[in-house]
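Student: Here is a sequence with its predicted model. Questions after.
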Amino acid sequence: MIPFRLLNDASAAALRRCLSAARSAPAAAFVAVLVAVSVAGGIAGAAASAGEPRPQPVKLIFDTDMDTDCDDAGALALLHALADAGRVEILATMVSSHYPYSAPCVERINRYFRRPDLAIGVPKGKGAPIDRGSRYARPIAEKFPGQLKTNADAPDAAQLYRKILAAQADGETVIVTVGYLTNLRDLMASGPDEHSPLSGRDLVRRKVKHYVCMGGRYPEHLDPGVFGNLKPDPESALAVARDWPTTIYFCGLGDDVMTGEPLRSEGDDNPVRRIYELYLGRQPARPSWDQIATLFAIVGPEPYWQLRREGYNHIFPNGTNQWRAQPDDPRHVLIEWKPGARDRCRALIDRLMTHRPGKEVPPVPATE
Ligand SMILES: [Ca+2]
């Protein structure tokens, strides 16, 4: 609640100044004290009557695979809803997949939500295998209008990260990955260029507030089958977990948070509805891994989550993982549910996923 605290501190300081003035000029200052008290009370009252103080929008880079699962599309819809609510400024919607229609699919969703020009970068080097496929990305790219024909039309993600981060104030940008960690590995490995004299890692250290990683399961995930976000490109996952210079919030929640059913009553012009249809077939809903990480990146832990700070996320060479109590790595933080929060969070995700561009956004908890 930083803005609220600042407001109260500022009001208290104004009040102290008036009280001090009152000792030397009692009559005029008495009026000033009354004004100060009523202004302070009035602003605080307005904030309280609105339910919560209005936080500053989070400056966010969203990074998605947008290929094998449909929850990426749900997360991108939720992101646009929160941008329409003034809670987030979307700096870019990066793509970590080599599947050729993933970037066009992201662009089509951005266009539906009236942000057709959002920056999109894709990995140009090594990463997850290209043959992971997608049930929906190509049909969406072909049915809905847009500029990108394939990923080849989009620029290099690491370079785009550098350009965007260099232009931001220090320590303000939040990154969330709901796909592979390929672009972040490439960003950290990048060198000085026309955007910044800093190495990629130093640029991240200076500009990135923290990073939210949807990846792995907790306390452990030892199934070697290649699915999820860490195993398709384990080298990148290992490099980022080891070398990332700011806090990483790891999130593996979502298995039992089924969402997407209300999308069925959305119109044909909604690509997110179509993606869920193409992915799910006759299934009614899908887990919400990517939406949860994205929501956390924007609203912070309150009111749904608590943080486990001790320990670290041990990632094995094949991308499987295990949260270990020792040694403690102060950069690694695990996101866990607060008791009873899951159903309320699920309802909010469904409401945000069915947001229509230009329409009012349902109430969202204040940023911690
Ligand atoms: Ca994903």
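Tutor: Received the coordinates, thanks.

Student: Could you measure from Tyr211 over to Glu277?
Tutor: 32 Å (C-beta to C-beta, to the nearest Å). (Each C-beta comes from the backbone N, C-alpha and C, glycine too.)

Student: Comparing those two, which residue is more hemmed in?
Tutor: Tyr211 (25 against 16; other C-beta atoms under 10 Å).

Student: give me the beta-bridge partners of the more buried one?
Tutor: Note on Tyr211: beta-bridge partners by DSSP bridges are Ile175, Ile248.

Student: what sits against it?
Tutor: Neighbour list for Tyr211: Val174, Ile175, Val176, Thr177, Leu184, Trp244, Thr246, Thr247, Ile248, Tyr249 [criterion: C-beta atoms under 8 Å, 6 or more residues apart in numbering].

Student: Pipe these into a markdown table and attach pLDDT per row.
Tutor: As requested, these are arranged in a markdown table below (pLDDT from 0 to 100):
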| residue | pLDDT |
| --- | --- |
| Val174 | 98 |
| Ile175 | 99 |
| Val176 | 99 |
| Thr177 | 98 |
| Leu184 | 98 |
| Trp244 | 98 |
| Thr246 | 98 |
| Thr247 | 98 |
| Ile248 | 98 |
| Tyr249 | 98 |
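
Student: Return the member of those residues nearest to the ion.
Tutor: Nearest to the ion, judged by C-beta to the ion, of the contacts of Tyr211 is Thr177 at 8.5 Å.

Student: contacting residues around that closest one?
Tutor: For Thr177, the contact set (C-beta under 8 Å, 6+ apart) comprises Asp63, Thr64, Ser96, Asn183, Leu184, Tyr211, Val212, Cys213, Met214, Gly215, Asn229, Ala293.

Student: now these as JSON lines including secondary structure and distance to Arg356?
Tutor: Below are the contacts of Thr177 laid out as JSON lines (DSSP: H, G, I helix; E, B strand; the rest coil; distance: C-beta to C-beta, whole Å):
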{"residue": "Asp63", "secondary structure": "strand", "distance to Arg356": "25"}
{"residue": "Thr64", "secondary structure": "strand", "distance to Arg356": "21"}
{"residue": "Ser96", "secondary structure": "coil", "distance to Arg356": "28"}
{"residue": "Asn183", "secondary structure": "helix", "distance to Arg356": "30"}
{"residue": "Leu184", "secondary structure": "helix", "distance to Arg356": "32"}
{"residue": "Tyr211", "secondary structure": "strand", "distance to Arg356": "30"}
{"residue": "Val212", "secondary structure": "strand", "distance to Arg356": "26"}
{"residue": "Cys213", "secondary structure": "strand", "distance to Arg356": "30"}
{"residue": "Met214", "secondary structure": "strand", "distance to Arg356": "25"}
{"residue": "Gly215", "secondary structure": "coil", "distance to Arg356": "31"}
{"residue": "Asn229", "secondary structure": "coil", "distance to Arg356": "29"}
{"residue": "Ala293", "secondary structure": "helix", "distance to Arg356": "23"}
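
Student: Tell me the residues on this protein that lie near the ion, please.
Tutor: Asp65, Asp72, Val178, Gly179, Asp290 (C-beta under 5 Å from the ion).
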